[in-house]
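Trainee: can you look at this prediction? I've put the sequence above it.
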Amino acid sequence: MHVDSSLNYRFILNKDAKQYYWYLKSAPVGFKIDKDNGTLSFRSNKSLFLTGRLKYDQEYPVSFGVQNLSNPLDKLDTTLNVIFYSTDVVYPRIKPSVVSPVTITEGDRLSFNVLCENGNFPIDKILMSSDISIGNFKLPKSCDDNFEWTPTYDFVSEKDAKGERIVNLEFVGTTNFNFADTARVKVVVKDGLNYDIATQEYNDALTNINTWVLRYKYTFLQLDKKIKNTKGWRSGFDITTASTTLSGTVLATTAGENKGKQNTGKILPSIGVVAMPVKEAAAPAKNVEQNQATLLRSNIKRLEYVVFENKLSGDRDPLINVKTENLKKS
C-alpha cells in the first residue's frame, strides 16, 4: 500500500452472511473491519509513520476471521500481510544522543545511544570506525543500541598537547538498499588521575609517617624514663644534703659552752658544698637527653599536625597528589 492511499476491501462468504460476524484478531494501528459485511478498511495518516508507530518496507500481518453466531465451532481465521511504501524520498539519518564534541577524563565511562530517524526504508545495521585504535568498547549494531567506552589511564601520553587526546568516531548506518548515512562524534579525552594507584601511594606515605611517629614516641619514652630517674636521684640527694646542713645549723646554734658541739656545727653546714661534686659524679644532669627529648616531642607534634592537615576529603580527593607529596616531604 502507498502511504497516502486508503484501503476498503470487502470479503464475501459463500454462506448466509446474516448468520456470521467478522472480527480482527491482530492488526497494525489504523485497521478496522466491519463486523456485519466483512469490509476491511484502513485510512493512512503520515503522523503514524513520523511517530514510528508504522514503518516503511516492513511486513505487518493482519489477522482476522469470521464466526457463526449460532455454532461456535463454525469459524474461519486467516491472515494477510501489508507493506507500506512511499514515493517521497525520505532519507534515513543516524543521530547520536550526544552533541559533539564530548569531553571525558581517563577512567570515566562514555556512554550514549545511537538513534535512527528512518526514512522510506529503515536502517538495518550500524558500523563504527575511529581514527585512533581504541579497545574495551561496546559496538552498537542496530538502532537505539548503546555505545560504551572507557579510556584507560595510559591513553593520553606525555607527548599529547595540553594533556588531552582527540578521537573521532564515525557511525555508519545502512539500509537493505545500501543507502548509507554517517554521523560523527568528536571525543576529547583529558589526562586523568588513577585514583587506585594514587590512593595506594598516599596510604604508603601515611604508613611511613605513622611508623616514624611510633619510633619517635618510643625513643621519647625511653629518654623520659632516664631523665626522670636522674632527676629523682638528684632531688633525693639535694634533700639529704639540705637535711644534713640544717642539722649542722641547729647544732651550731644550740652548742652553748660545749666546744665539741660547736665544732660539729661548723663542719656540717659545709657538707652541701663538699657533696656537690659527688652528686654530679654519681648522677650528672641529662642536658643532652633533655634536648633530644624536646626535639623528639616537637617532631611528633609536627608530624601529627601534617597528617591531620593532609587527610583525604573523600574517595576521589582532587588534591590527593599534593597531599601525598606533603606527607613525603615531611
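Mentor: Thanks, I have it. Residues are numbered from 1 along each chain as shown.

Trainee: so how far is the strand or helix carrying residue 185 from its chain's centroid?
Mentor: Secondary-structure element containing residue 185, defined by DSSP states H and E: strand 180-190. Centroid separation between strand 180-190 and its chain, computed with Cα atoms, centre = their mean, to the nearest Å, is 25 Å.

Trainee: go on, stretch 73-91?
Mentor: When C-alpha coordinates are averaged (Cα atoms, centre = their mean), stretch 73-91 and its chain have centres 51 Å apart.

Trainee: what's in contact with the strand holding residue 185?
Mentor: Residues from elsewhere that reach strand 180-190, judged by Cβ atoms under 8 Å, 6 or more residues apart in numbering: 91-96, 98, 100-106, 110, 112, 114, 123, 151, 155-156, 163-174. Every residue, glycine included, has its C-beta placed from N, CA and C.

Trainee: and for residue 53, the neighbour number?
Mentor: The number of residues packed around residue 53, counting by other Cβ atoms under 10 Å, is 12.

Trainee: separation between residue 47 and residue 166?
Mentor: For residue 47, the distance to residue 166 (Cβ to Cβ, to the nearest Å) stands at 41 Å.

Trainee: give the buried residues for the strand holding residue 185.
Mentor: Using 16 or more other Cβ atoms under 10 Å as the burial criterion, the residues of strand 180-190 that qualify are 181, 183, 185, 187, 189-190.

Trainee: quick one: the helices in the stretch 51-200 of the chain?
Mentor: For the stretch 51-200 of the chain, applying DSSP state H, counting those that start in this stretch gives helices covering 195-254.

Trainee: now do the strands in it.
Mentor: Counting by DSSP state E, counting those that start in this stretch, the stretch 51-200 of the chain forms strands over residues 59-68, 75-83, 93-96, 102-105, 110-117, 125-130, 137-138, 145-149, 164-174, 180-190, given from the N-terminal end onward.

Trainee: and residue 298, which of those is closest to it?
Mentor: strand 102-105 (41.8 Å; Cβ to Cβ).

Trainee: what helices or strands is that closest one leaning on?
Mentor: strand 110-117, strand 180-190 (3 or more Cβ pairs under 8 Å, 6 or more residues apart in numbering; DSSP states H and E).

Trainee: any chance of these in CSV, with distance to residue 304 and mean pLDDT too?
Mentor: Below are these laid out as CSV (distance: least, Cβ to Cβ, whole Å; pLDDT from 0 to 100):
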stretch, distance to residue 304, mean pLDDT
strand 110-117, 43, 90
strand 180-190, 37, 91
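
Trainee: dump those strands to JSON lines, plus distance to residue 218.
Mentor: As requested, these are arranged in JSON lines below (distance: least, Cβ to Cβ, whole Å):
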{"stretch": "strand 110-117", "distance to residue 218": "52"}
{"stretch": "strand 180-190", "distance to residue 218": "47"}
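
Trainee: in the stretch 151-300 of the chain, where is pLDDT below threshold?
Mentor: Where the stretch 151-300 of the chain drops to pLDDT under 70, the residues are 227-289.

Trainee: hmm, residue 303 is touching residue 208, no?
Mentor: No. Shown here, residue 303 and residue 208 do not form a contact pair, counting by Cβ atoms under 8 Å, at 10.4 Å.

Trainee: related to what we said a few turns ago, compare residue 47 and residue 166 (neighbour count), which wins?
Mentor: When neighbours are counted by other Cβ under 10 Å, residue 47 and residue 166 differ, and residue 166 comes out ahead with 13 against 9.

Trainee: who does the more buried one bridge with?
Mentor: When bridges are assigned using DSSP bridges, the partners listed for residue 166 are residue 188.

Trainee: distance of it relative to residue 155?
Mentor: Residue 166 sits 11 Å away from residue 155, taking Cβ to Cβ as the criterion.

Trainee: same question, residue 133
Mentor: Counting by Cβ to Cβ, the gap between residue 133 and residue 155 amounts to 11 Å.

Trainee: got it, and residue 170?
Mentor: Spatial separation of residue 170 from residue 155 under the definition Cβ to Cβ is 19 Å.

Trainee: more neighbours: these two, which one.
Mentor: Taking residue 170 and residue 155 together and counting by other Cβ under 10 Å, residue 155 has the greater number of neighbours (19 against 14).

Trainee: quick one: contacts for that one?
Mentor: By Cβ under 8 Å, 6+ apart, the contact set of residue 155 is 106, 165, 189.

Trainee: out of these, who's nearest residue 138?
Mentor: Ranking the contacts of residue 155 by separation from residue 138, with Cβ to Cβ as the measure, puts residue 189 on top at 17.0 Å.

Trainee: from residue 319, how far off is that closest one?
Mentor: When distance is defined by Cβ to Cβ, residue 189 is 22 Å away from residue 319.

Trainee: likewise for residue 159?
Mentor: Taken as Cβ to Cβ, the span from residue 159 to residue 319 is 26 Å.

Trainee: ok, those two, which is more surrounded?
Mentor: Looking at residue 159 and residue 319 with other Cβ under 10 Å, you find the greater number of neighbours at residue 319, namely 11 against 6.

Trainee: sorry, back to before: need the residues touching each of residue 303 and residue 208.
Mentor: Shared between the contact lists of residue 303 and residue 208 (criterion: Cβ under 8 Å, 6+ apart) there are no residues.
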